[in-house]
Structures are given as C-alpha cells and as structure tokens.
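Engineer: Fold the stuff below for me.
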Amino acid sequence: MPLLVRDYTWTQTETTVYISVPLKGVKPAKVDVLCTEEFLKVSFPPFLFEAFLSEPVDDDKSVAKLGNGAAVFTLPKKNEGLWTRLSRDVDKAKQREIRDEAILKTQNKAAEKSMAKAAKIQQEKKYTLETMMKLEEEERARIQTMKDEECARATAELEAWKEKQRKTAEEEDARRMLQGASTQADKQGPKQRKPEKAAQPPSRTEGRINSGRKDKQKDVPAPRSVGCIKISFTPRVFPTALRESRVAEEEEWLRKQAEARRMASADLAQLDDLKEEEKNPDWLKDKGDNFFRTGNYQAAVNAYDLAIKLNRRIPALFSNRAACHLKLRNLHKAIEDSSQALDLLTPAVADNAAARLRAHVRRGTAFCELELYIEGLQDYQAALKIDPNNQALQADVSKIREIVQGTISSS
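Structural biologist: Residues are numbered from 1 along each chain as shown. All right, here's what the predicted structure looks like:
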C-alpha cells in the first residue's frame with residue numbers, strides 16, 4: 001500500500017495554482033505524473049500524491065518541473081478566482097470514477113498525439129517525395145534540353161560537312177572535265193598529223209634509240225649474295241672441381257628439364273575453353289603460387305592440377321601442390337606429391353638442391369603430422385644433408401629425434 005504525501009504546499013493567484021510536492025529522495029526519472037482538469041496524481045513508489053481539484057484547470061497548458069528534490073506544478077485555472085481549498089472531498093466510488101476517467105482521457109490524448117505525429121510524418125514524407133519528383137522532373141527536362149541542343153548542333157555540323165563535301169565534289173568534277181577536254185584536244189592534234197608520217201619507214205637512228213631504252217629498263221641489279229654467320233655459345237662452367245665434377249649428371253638434368261619444357265598434352269578436353277596463356281604450365285604455376293600466397297589453397301591446387309595435366313615432368317608443380325595439401329591437411333596426398341617431385345628431381349645435382357630440400361621437408365612434415373616420426377626423421381636428415389648449416393633444420397631434426405627416442409624408450 002503506497003504512502004500518501006501530506007507535506008505538500010500550494011499557492012494560488014487569480015489565474016494560476018502552484019503546487020510543490022517533495023520527492024522524498026526519489027530520482028526524477030522514477031516519478032510518474034497524471035494530470036487532468038479535475039485530478040492530479042504524482043506517483044513515486046512507495047509514495048503517492050493525489051489531489052481531486054476543487055475547480056477545473058487547463059491541463060493542456062499545465063507545466064510540471066521535476067528537480068531539486070521536488071515536483072513543482074503550474075496549473076492555469078479555467079475560471080478566474082481564488083479557491084478556498086485545493087482538494088475537494090469525494091467518496092471512494094467517485095474517486096475511482098475520476099481516476100478511471102483521468103486514465104482514459106490520458107490514453108485518448110496519447111493516441112491522438114500518436115496519430116497526429118504519424119499523420120505529420122506521412123505528410124512530410126509526401127512533401128519530400130513530391131519535392132524529389134519535381135526536382136527529378138526538372139533535371140530530366142534540363143538533360144533533355146541539353147540533348148536536343150547537342151543534337152541540333154551535331155545536325156548543323158553534319159549538314160555543313162555535307163555541303164562542303166558537295167562543293168568539293170563539284171569542283172573536282174569541273175576540274176576533271178577541264179582536264180579531259182584538254183587531253184582530248186591533245187590527242188586529236190597528233191591523229192590529224194599521223195597519216196603524213198605513216199608512209200615514212202623508221203630510220204636506223206630511231207631504232208637504236210628505242211633498243212637502248214629497252215636495255216636500260218632491263219638493267220636491274222642482281223640479288224644480294226647469301227652469307228652464313230657462325231654462332232658460338234659460351235661453354236657452361238660447373239661450380240664443382242674437376243676431380244669432383246658431375247658433368248654427366250648435370251647434362252642429364254639439363255636435358256630432362258629441356259624435354260619437360262617441350263612436353264605438352266594438347267589433346268585434353270579442358271583445353272577447349274581455355275585461353276592461349278592458360279594452356280601454358282608456367283603461367284598456371286605462377287597463378288597457383290599467387291593463390292598460395294593469398295591463402296586460397298584450394299584454388300592453388302586446381303591451378304597445379306591443370307598444369308600437371310598439361311606437363312607431368314615439371315617437379316615444382318608436384319612440390320608446390322604438396323605444400324597446398326599440407327595446408328589443407330591432406331597429408332597422404334602431400335606425401336604422394338613430394339615423392340613424385342623427388343623422383344623427377346634426379347639426378348641429384350647442385351641446380352636442384354633447393355628443390356630437393358623443400359620436397360624432403362614437406363614430406364617429412366606430412367609424416368610427422370601422421371605421427372610417423374621415423375620416416376619424418378629420415379626426410380629431415382636428408383634435407384639437412386643437402387644444407388648442413390641450416391640451423392632451423394638442425395633444431396627440427398633434434399626435436400624429432402627426441403620424440404623418436406622417447407617413443408622407443410616408452411615402448
């Protein structure tokens with residue numbers, strides 16, 4: 001049951017009533033106010049203030065200020081005059097009726113305000129839409145005017161160009177007619193004199209002159225003679241000493257690489273929809289490398305797959321695809337591709353040492369991920385044999401050896 005507030009104060013003038021209700025330490029945010037013409041209610045649990053006003057007030061112009069520990073109400077009177085008391089005495093049934101009417105009236109006012117607000121928003125939207133449509137119509141009219149002006153200008157320029165072309169053609173026709181008339185006059189003159197010379201045979205001097213002219217026309221220089229230029233290549237120098245030379249293995253490796261570059265499977269059905277550069281294994285390898293660097297490992301695998309279908313003799317394709325399978329956790333496929341790359345990287349020479357090291361490390365990593373540490377240790381030791389000064393490989397070999405020794409001792 002709420003506690004009724006009795007220590008309120010009120011003052012009045014001929015036109016206004018002022019009421020001050022103490023809030024008893026309650027925050028203003030927790031205060032609920034209900035005001036009508038005959039009823040004022042201030043609820044701030046557990047306290048309650050109610051006043052059944054002696055005379056009606058203008059609730060539309062009433063003002064409430066909450067702060068400084070009190071709620072101050074300014075209620076304009078509908079009828080001027082001084083009240084003898086603030087609240088009138090009514091029975092409980094009448095009080096209930098006044099409360100219900102106040103609540104109903106407040107709800108109706110709230111609904112009317114909401115409807116008015118919605119109507120205002122709708123009106124504003126309608127006005128905004130009409131304004132936008134008007135602006136768009138003006139913009140379309142402006143663009144159409146510009147188009148019409150541009151079309152008229154282009155038409156005028158075209159007509160002027162046509163007129164210029166017509167005049168030029170007329171002048172050219174007139175010039176040709178004049179040239180034709182002069183040529184015809186020149187031809188008619190010799191024809192009239194021709195019968196006089198027809199009876200005279202050509203002299204020997206004229207015959208010699210004519211034959212000399214024909215000889216000059218036939219005097220064309222002979223074609224240039226064909227030559228042969230010899231080209232010699234600098235011999236390849238191998239880094240190893242002569243007593244340790246592996247020239248035969250080096251040459252075999254170079255020959256295999258050259259054959260691999262020349263190989264191409266042009267009868268694949270997938271090549272029908274590919275561009276010319278997409279049929280190049282080197283181009284596909286670079287594409288796969290770019291996908292790998294960006295983290296798109298499946299796309300890199302697809303690029304390497306097509307490149308391998310085009311040429312199965314390039315070890316870098318298998319080695320790089322093995323790296324992709326490691327990232328995708330396809331460990332058995334990684335072992336298979338690494339083994340294929342190592343088979344292609346024969347004979348073992350200095351030129352393919354880095355590629356063999358990568359293939360051994362990738363296969364060893366896949367073995368270790370499958371907990372086949374002995375096989376993984378063998379591959380890591382083979383990689384360390386290629387590059388004995390690699391500290392990272394040394395640390396990995398030591399770590400795998402400790403795991404192997406711990407496994408054997410525990411078993």
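
Engineer: Strands of this protein, start to end?
Structural biologist: 3-4, 9-12, 16-22, 32-35, 39-44, 47-52, 63-67, 70-76 (DSSP state E).

Engineer: Is it correct that Ser62 is in contact with Thr74?
Structural biologist: Yes: with contacts defined as C-beta atoms under 8 Å, Ser62 counts as touching Thr74 at a distance of 6.6 Å. (Each C-beta comes from the backbone N, C-alpha and C, glycine too.)

Engineer: Is it possible to get a markdown table of the strands of the chain that adds distance to Ile386?
Structural biologist: Below are these laid out as a markdown table (distance: least, C-beta to C-beta, whole Å):
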| stretch | distance to Ile386 |
| --- | --- |
| strand 3-4 | 92 |
| strand 9-12 | 99 |
| strand 16-22 | 92 |
| strand 32-35 | 85 |
| strand 39-44 | 86 |
| strand 47-52 | 89 |
| strand 63-67 | 84 |
| strand 70-76 | 89 |
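
Engineer: Could you look over the ones you listed and pick the most buried one?
Structural biologist: Using mean count of other C-beta atoms under 10 Å, the stretch among the strands of the chain with the largest mean neighbour count is strand 39-44, at a mean of 22.

Engineer: Return the list of helices and strands in contact with that one.
Structural biologist: strand 32-35, strand 47-52, strand 70-76, helix 92-198 (3 or more C-beta pairs under 8 Å, 6 or more residues apart in numbering; DSSP states H and E).

Engineer: Which one of the ones you listed has the poorest average confidence?
Structural biologist: Ranked on mean pLDDT, the bottom entry among those is helix 92-198, at a mean of 83.

Engineer: and the angle from that one to strand 47-52?
Structural biologist: 100 degrees (axes from the mean of the first three to the mean of the last three C-alpha atoms, to 10 degrees).

Engineer: quick one, helix 92-198 and strand 39-44 angle?
Structural biologist: 80 degrees.

Engineer: ok, now which ones touch Leu82?
Structural biologist: Taking C-beta atoms under 8 Å, 6 or more residues apart in numbering, we find Leu82 in contact with Gln12, Glu14.

Engineer: Just put the helices and strands packed on strand 39-44 in JSON lines and tack on distance to Glu277.
Structural biologist: Formatted as JSON lines, the helices and strands packed on strand 39-44 follow (distance: least, C-beta to C-beta, whole Å):
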{"stretch": "strand 32-35", "distance to Glu277": "77"}
{"stretch": "strand 47-52", "distance to Glu277": "85"}
{"stretch": "strand 70-76", "distance to Glu277": "82"}
{"stretch": "helix 92-198", "distance to Glu277": "42"}
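
Engineer: Go through these and name the closest to Pro315.
Structural biologist: helix 92-198 (63.2 Å; C-beta to C-beta).

Engineer: what comes into contact with stretch 342-351?
Structural biologist: Against stretch 342-351 from outside (C-beta under 8 Å, 6+ apart): 238-240, 246, 249-250, 252-254, 256, 313-315, 318, 352, 355-356, 359-360, 363.

Engineer: Which of the residues you listed fall in helices?
Structural biologist: In helices, judged by DSSP state H, the following of these are found: 249-250, 252-254, 256, 315, 318, 355-356, 359-360, 363.

Engineer: Pull out the buried residues from those.
Structural biologist: For those, a burial check counting by 16 or more other C-beta atoms under 10 Å picks out Glu249, Glu250, Trp253, Lys256, Pro315, Phe318, Ala355, Arg356, Ala359, His360, Arg363.

Engineer: In these, find the pair that's most separated.
Structural biologist: That would be Glu250 and Arg363, which, of those, are the farthest apart (C-beta to C-beta) at 24.8 Å.

Engineer: Quick one, grab the pLDDT at the residue sitting nearest the centre point of the chain.
Structural biologist: In the chain, the residue lying closest to the centroid (C-alpha atoms, centre = their mean) is Thr294, at 14.9 Å. Listed pLDDT for Thr294 reads 94.

Engineer: give the contact list for it.
Structural biologist: Contacts for Thr294 (C-beta under 8 Å, 6+ apart) come out as none.

Engineer: For Leu48, see how far away Asp59 is.
Structural biologist: Counting by C-beta to C-beta, to the nearest Å, the gap from Asp59 to Leu48 is 19 Å.

Engineer: Give the burial count for the closest residue to Val301 other than its chain neighbours, as a bare number.
Structural biologist: Distances taken as C-beta to C-beta, 6 or more residues apart in numbering put Cys324 closest to Val301, at 4.8 Å, once the chain neighbours are dropped. Using other C-beta atoms under 10 Å, Cys324 has 24 neighbouring residues.

Engineer: What does the pLDDT read for Cys324?
Structural biologist: For Cys324, pLDDT reads 96.

Engineer: hang on, it packs against Asn302?
Structural biologist: No: if you go by C-beta under 8 Å, Cys324 and Asn302 don't touch, sitting 9.6 Å apart.

Engineer: Quick check: Val404 touching Tyr373?
Structural biologist: Yes: between Val404 and Tyr373 there is a contact at 4.9 Å, judged by C-beta under 8 Å.

Engineer: more crowded one of those two?
Structural biologist: Tyr373 (22 against 14).

Engineer: quick one, what contacts that one?
Structural biologist: Phe367, Ile400, Ile403, Val404, Thr407.

Engineer: what about the third one, neighbour count?
Structural biologist: When neighbours are defined as other C-beta under 10 Å, Ile403 has 16 of them.

Engineer: What distance do you get for it to Val397?
Structural biologist: 11 Å.

Engineer: just Leu384 next, same as before
Structural biologist: 6 Å.

Engineer: residues in contact with the closest residue to Val63 other than its chain neighbours?
Structural biologist: Nearest non-adjacent residue to Val63, counting by C-beta to C-beta, 6+ apart: Thr74, 4.4 Å away. When contacts are counted by C-beta under 8 Å, 6+ apart, Thr74 touches Thr16, Val17, Tyr18, Ser62, Val63, Ala64, Lys65.

Engineer: who's Pro76 bridged to?
Structural biologist: Thr16 (DSSP bridges).

Engineer: Throw the contacts of Thr74 into JSON lines and include distance to Phe39 and pLDDT, thanks.
Structural biologist: Shown next, in JSON lines, are the contacts of Thr74 (distance: C-beta to C-beta, whole Å; pLDDT from 0 to 100):
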{"residue": "Thr16", "distance to Phe39": "18", "pLDDT": "92"}
{"residue": "Val17", "distance to Phe39": "13", "pLDDT": "89"}
{"residue": "Tyr18", "distance to Phe39": "17", "pLDDT": "92"}
{"residue": "Ser62", "distance to Phe39": "12", "pLDDT": "89"}
{"residue": "Val63", "distance to Phe39": "17", "pLDDT": "91"}
{"residue": "Ala64", "distance to Phe39": "14", "pLDDT": "90"}
{"residue": "Lys65", "distance to Phe39": "19", "pLDDT": "90"}
